[in-house]
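In: what's the 3D shape of this:
(chains A, B and C)
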Amino acid sequence: MTIRRVLIFAPILLIVVLLQSYFWVPTYEQQTRGNPARLAEYIAGSIGDASLLNPILTADSASSNIQDFVFEGLIDRDEQLRFRGRLAKSWEVFEEAFFYVNPSASIPGLGKADPQTLAAFVKDAQKKNHATDPGLKNSLKRITEISVLPPSTFSVTRPFKDPNTDTQETIEIRVAAPARIKLVLNGVDPDLFQNLSHLLGKNYFESFHGKDYLSSPSQHGKEKLPAYAEELLPATEHNPILLFHLRPGVRFHDGHTVEADDVKFTYEAIMNPKNLSPRISDYEPVKTVQVVDPLTVKIVYKRLYSPAIGTWGMGILPQHLLNSKALEKEALGLGKDLKTFSMRQSTFNRRPIGSGPFKFREWKSDQYITLDRFDDYWEGPPNYQRYVFRIIPDLLTQEMEFYAGTIDSYGVQPHQVKRLEKDPKFQSFAGTAFGYTYIGYNMRRKPFDDPRVRRALGMAIDVDKIIQYVLYGQGEQITGPFVKQTDYYNHHIQPLPYDPKGALKLLAAAGWQRNKDGWLEKNGRRFKFTLITNSGNDLRKAILAIAQNAWKQIGIDVRTDLLEWSVFIQERVNKADFDALILGWQMGIEPDLYQIWHSSQTHPYQLNFVNFKNQEADDLIIKIRQEYTHDRQVEYSHRLHEIIAKEQPYTFLYVGKWTAVLDKRIVIKDVDDAGNIRYEKIKPTQTGNYAFYFNKWIKLPKAPNFMDEG
Amino acid sequence: MNLNETTVTKDFHVEAPLTPKRTRWEEFWLLFGQNRLAILGLLIFILFFCCAITGLFLTSGSKPIFDPSLVRLEEKLRPPFSKPNLDLLEPDQVPTLNFYLMGTDDLGRDVFARMLQGAWVSLTVGFVAVGISVLIGIFMGGIAGYFGQHYLKIDHILLTLLLVSGTGLIILDVIRFGAALLLLCLAYIVYAVLTRHRSKKKASPSWGAMFHINAVSVDTLIMRIVDIMLCFPSFFLILTVVAILPASIYNIMIVIGLTSWMGTTRFVRAEFLSLREQDFVAAAKALGIGNFRIIFRHMMPNAVAPVLVSATIGIASAILTEAGLSFLGFGVPPPHATWGNILSNGKNFIFDAPWLTFIPGITILIVVLSFNLFGEGLRDVLNPKLRERH
Amino acid sequence: MVSFIGRSFVQKIITLFFVSIVSFLIIHLAPGKPSQVDPMNPKFTPEMVERFSKEFHLDKPLYVQYVYFYQDLFTGKTASWKDNQSVLKKIWERFLNSLPLFIVGTLITWTLSFPVGIRSAIFREGVYDRTATFLSYLLISIPGFFFAYVLIIFVVTRFHVPVIGMETFGIGDASLPYILMDRIWHMLLPSVLGATGGIAVLSRYVRSQMLEVEGQDYIRTARAKGLPPEQVHYKHALRNALLPFVTMFGLILPGLIGGSVIIESIFSWPGMGRMAYEAILARDYPVILTVNFVSAVLVLAGTFISDLLYLIVDPRIRL
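Out: Alright, predicted model coming up:
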């Protein structure tokens, strides 16, 4: 019967065809042995795909991973976390400071003076160098140039909304600005005007009232004048300046040289509201970006803002491919509407061109992104010929692919590190990361407004055990919000002890007593709240269970809830609708805590959602932002750290570690000037970054023996 | 034999109807008993049910006998049957059985306790979800099958549309317009009630007749709704809804229920269509018995067989769906343990602690299998067509 | 015939319209709004959230958004919120990835289920039948991802070959047969896993269809007149039992887009299901809605085709 035979042979044939394919697939060993090209290829596994490969448009971790290879910033951080020049060969930080001549104020030893005399007076004081105040002496020493700006008149218009008639109108404000003194300093001096007031009289700056020089033809305008005085005629003004000298001869991947225009263009692209750049707030304090010559760019800031330098690690975009003319051409080519077409729609984001060590090759969504090395890279090309970013959404299958040899590294979990570190085939690394995990309390709600309660809650959790058993030792306890490996972190602060009994004592002091069922009670009400976190993070889920259990042990009735990320953020965090939550912050190295800890940031949709308000902390946060001297920043940060640790708005849990497992055959290959090749074992830098020398990595056919391995 | 015959002849004149030798139940059991796999399924099913009930009692309360949420970090990932390390534990942390029957998970929680708790939760998810879908299915199918020929008139449809859009607009903060629509509806209802008496006397004006045209039959309407629901890929729909709604055990049950009633509706409708034509229904109608009584008292028991089968298999697939959702991170949120989330948590440790994957995985397999086999047995028994001809 | 086609076409269009409304409402009435930028980035301001929602018309009333969306969809302009790529292009790309998996899976299902089902029906209640029943129920009772992991771990630790993804990475410039076979190998596990449920259900269905037909009088007649049993089973019975399966060709069409979210995530297969899943996570509404719409179109087209096939194949039906 043919039908019967067909019915039986068809499936057998199919299965045989499918199964025999096994014999064609290379095993772990065959992949490298029979195929030397594989050695010059680095395949990294990742859970998620990149979204857009344009550094100004996206900030997610997968995208920035690739962007770091393709694009290059003006500067970055070296092994010690100090700034290091990349596209910029060197840079200078100084400031221009301005103050208006105050004709009504009387200067000690001079009386009322016209601008020229005043300038001469300051110059004189600088020359004679007999100021008694050391601060003043210092400030005067820094001044390199004093000039007088003549009085000017101009007028501006501002929008105005009439509260009575609900109509929009504009008001005109006429400004008759008095003469202004411009000081150029050889550094940044936040205390300049405070010190100068020793010379010019205590009230010299305070008694200058901007509104006296403003006038408006309309009635509404007149009422509004005081409000605009500070903006239009500030008595004093700091304009910190960053002057970058670009490295000559650096090229984009398409051969175009990198010039100051590109830097200016990148800044403008970020500020362009059409591009919806998530980085816009970093660059808001910038006043102007000026191209001095093709290799020099001058960035002037509106006010003291020390985190500014770090923002120039941002990848520089090629102007010639993305300026309005290029975009217009692209829109025409694609037949898109010119008005709505922005950089976001450009195909550049799918095949980027930068000036980094690797150039873009191919991107298959949710499969892989491949990069080829850029042979003209200014620092010399990387050793690897190709970098492949492979997307595997499941952690366990990532591990399987690692075993099968088709990825070189993946997001290895602490328990996997523990298992793999014993394997002679692999080498493993760990280094302290920049992000920390915490439990935050909503201080708007009782009983979290009481620092004793927050402290007690923290004391009931055994963080050491969490680190030891949940993280397998791949974490460190922290006490405050600064990055632990920087000197902003105050190492003198002791972490909260694990002490449930002490916690109960503290709670008793706050009025919470255990009732006969063992639950804590105050005025007949049980201590009961809900702890939430987002779903999809196994560590946070584990902490959720641990915290719930730990607090139950001291008699607190805790509910837990896992919420999907966008619901968690938008419905609970942004609206401050929670009791306590588990979250993590990814920290920048800059000690700028304004957005998370300043009391002005407690409104809905802002990041101080725990409602932390402390006057001294606010002052310190502002001071740190304005201070350009490292030592003083450190001093302020230590104090701020102390305050936060005392208040315990968060229970700071731990900072995790970057963990990685690599094949032992991957080593650092160095070629010295004489052409001698030297292999070195990969070691993490002091700050924990093992991939710092990635450009020098290479995979060898056979694992070399190193002396220090014993 | 002789004796028997005499009794028969003796009772021959008695007017009592002849009863079948075996009752329906006896016959059912006889047939069912022949299917050994189905019996096995039923046994496991009963065992599972008992476990779930005892599990509920043993793991709930403020001081449960088996505490599924008790964290003992020192004792993490202990294999099954291992003894606890008594030196490290507080007295109240020692497991009830003095050893870990099924080992401990990555936080040192007793897997046995969690499995017990999970049995109840998985059972509830399965039963409630299927309960919802069966109720909707029977209701919709019953209406479609019984009232199928009734036609909805255009004015009814318009009225419903107005009502729905009015409420919708109010929900969407377009209050004025929405309220106007609702008022319009109210006015029409009043008008309709008033004209009802009059219309008996004289025909309504010609322009109004347009509104009384038969637009669509109830049957068509319901079957179109079924078609619409079938257009959604079901797991994808469940995933979408579960992902965007706040995670809770109730949402998952409701969503699974709301997306799986279409099959039942079709069965019930088909059964009703054939039952409606049968004599006993005609007799009931002739006796003046109310529609709903006919539906629920007389027709439903005859239509219940395929529903029962699909419900049994539905429970199995609901448990599997829950496990799949757990795997994607949208399952029942903690502190509830379900087999699905024990399994999906455990898979991360498959090399370090294989029991965390295999215990829940195989348990789910066995229970789902037992439901399926039981359902299959039921189908065989209840479907006379497939019975072997002797 | 023509009137039947016309009527059912209109009906399908109306159904499609309601599907579009329902799916739109489900997504837009749910809590939580889409956002392109990680809201936990400290450098993210509420003004930007607002700007984003304006950009995507999220500040407009729902019916306006509905019109905007379907206008874009029909003019082919819909773009993903996540990466500004054209949604239709994305779906097409993914569809091409899912297609081989779907074809191999369907082939396995159909070629395997028929012999298994027919044999069970012939040897009814025998050991073979019982084993097949048990195995097929076993297959649909295993939680898919559990089975997948067990298989993957078995293959990788035992044979040391890669199984994840669509191809072996870094295979370099291997010759064509190697690359081809490598691709087939990577297809093996996911398509077998995807087919397990199908095999179980379909073989059971084949069995019950065969049983039903075998009980018919003409089969008895055939047997009674002394035809060899093989001919009775494979010629007389099978032919009639096959009838309902012809219509099932139409019903497998939606499987093209359904794909399995779980299998595709585990095997990091860049198919439709995974794209849809990731779109749900990112709240990429245009992608979710388009996938939904396309799959509804496929379901409707599938039923339409199966109706038509039935009409053509079964001589008893004349409309």
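In: Counting neighbours, what do you get for C:I199?
Out: Number of residues near C:I199 (other CB atoms under 10 Å in any protein chain shown) recorded here: 23. All C-beta spots, glycine's among them, are computed from the backbone N, C-alpha and C.
In: Quick one: name whatever helix or strand follows the helix or strand hosting it.
Out: Using DSSP states H and E, C:I199 sits in helix C:176-214. Per DSSP H and E, the first helix or strand lying C-terminal to helix C:176-214 is helix C:217-224.
In: who's in contact with that next one?
Out: Contact partners of helix C:217-224, identified using CB atoms under 8 Å, 6 or more residues apart in numbering or on different chains, comprise C:V213, C:P229, C:V232, C:H236, C:A237.
In: quick one: the second one from C:I219, how far?
Out: Between C:P229 and C:I219 the distance is 10 Å, computed by CB to CB, to the nearest Å.
In: Of these two, which one has the most company?
Out: Legend: neighbour count by other CB under 10 Å for C:P229 and C:I219, higher for C:I219 (17 against 10).
In: what's the residue nearest the centre of chain C in contact with, if anything?
Out: Taking CA atoms, centre = their mean, the centroid of chain C lies closest to C:G255, which sits 2.0 Å from it. The contact partners of C:G255, taken as CB under 8 Å, 6+ apart, are C:F102, C:T106.
In: Could you report the pLDDT at A:F482?
Out: On pLDDT, A:F482 comes in at 91.
In: is it true that it lies in a helix?
Out: No. Read with DSSP: H, G, I helix; E, B strand; the rest coil, A:F482 is coil and lies in no helix.
In: which strands and helices sit next to the strand or helix carrying A:I624?
Out: Assigned by DSSP H and E, A:I624 belongs to helix A:615-626. Using 3 or more CB pairs under 8 Å, 6 or more residues apart in numbering or on different chains; DSSP states H and E, the elements in contact with helix A:615-626 are helix A:594-597, helix A:630-647.
In: Turn these into TSV, including mean pLDDT.
Out: Formatted as TSV, those follow (pLDDT from 0 to 100):
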stretch	mean pLDDT
helix A:594-597	88
helix A:630-647	93
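In: between the ones you listed, which gets nearest to chain B?
Out: For the helices and strands packed on helix A:615-626, the distance to chain B is smallest for helix A:630-647, at 24.8 Å, taking CB to the nearest CB.
In: Next, the buried residues of the closest one.
Out: A:633-645, A:647 (16 or more other CB atoms under 10 Å in any protein chain shown).
In: Check stretch C:53-62 too.
Out: By neighbour count on 16+ other CB under 10 Å, the buried set for stretch C:53-62 is C:E55, C:F56, C:L58.
In: Now do whichever strand in chain A runs longest, average pLDDT.
Out: Determined from DSSP state E, the single longest strand within chain A is strand A:426-441. When pLDDT is averaged over strand A:426-441, the result is 89.
In: Is it in proximity to chain B?
Out: No. Strand A:426-441 stays clear of chain B (CB under 8 Å from any CB of the partner chain), getting no nearer than 14.2 Å.
In: can I get the CA coordinates of the very next helix or strand once past that strand in PDB?
Out: Using DSSP H and E, the helix or strand that follows strand A:426-441 in sequence is helix A:451-459. Below are the C-alpha coordinates for helix A:451-459, written out as PDB (Å, rounded to 0.1, in the frame of the first residue of the first chain):
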ATOM      1  CA  PRO A 451      13.700  58.500  62.200                       C
ATOM      2  CA  ARG A 452      13.800  56.000  65.100                       C
ATOM      3  CA  VAL A 453      11.300  53.800  63.300                       C
ATOM      4  CA  ARG A 454      13.300  53.900  60.100                       C
ATOM      5  CA  ARG A 455      16.400  53.000  61.900                       C
ATOM      6  CA  ALA A 456      14.700  50.200  63.700                       C
ATOM      7  CA  LEU A 457      13.400  48.800  60.500                       C
ATOM      8  CA  GLY A 458      16.900  48.900  59.100                       C
ATOM      9  CA  MET A 459      18.400  47.200  62.200                       C
END
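In: Show the model's pLDDT score for residue 342.
Out: All of this is about chain A. Note on A:S342: pLDDT of 83.
In: Hmm, no, I was thinking of chain B.
Out: Reading off the confidence values, B:I342 has pLDDT 89.
In: Find the helix or strand that it is a member of.
Out: In the assignment (DSSP H and E), B:I342 maps to helix B:339-346.
In: Close to chain B: what parts of the stretch 151-300 of chain C are there?
Out: C:153, C:208, C:211-212, C:215, C:254, C:257-258, C:261-262, C:265, C:273, C:276-277, C:280-281, C:283, C:288, C:291-292, C:295-296, C:299-300.
In: ok, 10 Å please
Out: For the stretch 151-300 of chain C, the contact set with chain B under CB under 10 Å from any CB of the partner chain comprises C:152-153, C:157, C:197, C:200, C:204, C:207-208, C:211-212, C:215, C:220, C:254-255, C:257-262, C:265-266, C:272-273, C:276-277, C:279-281, C:283, C:288, C:291-293, C:295-300.
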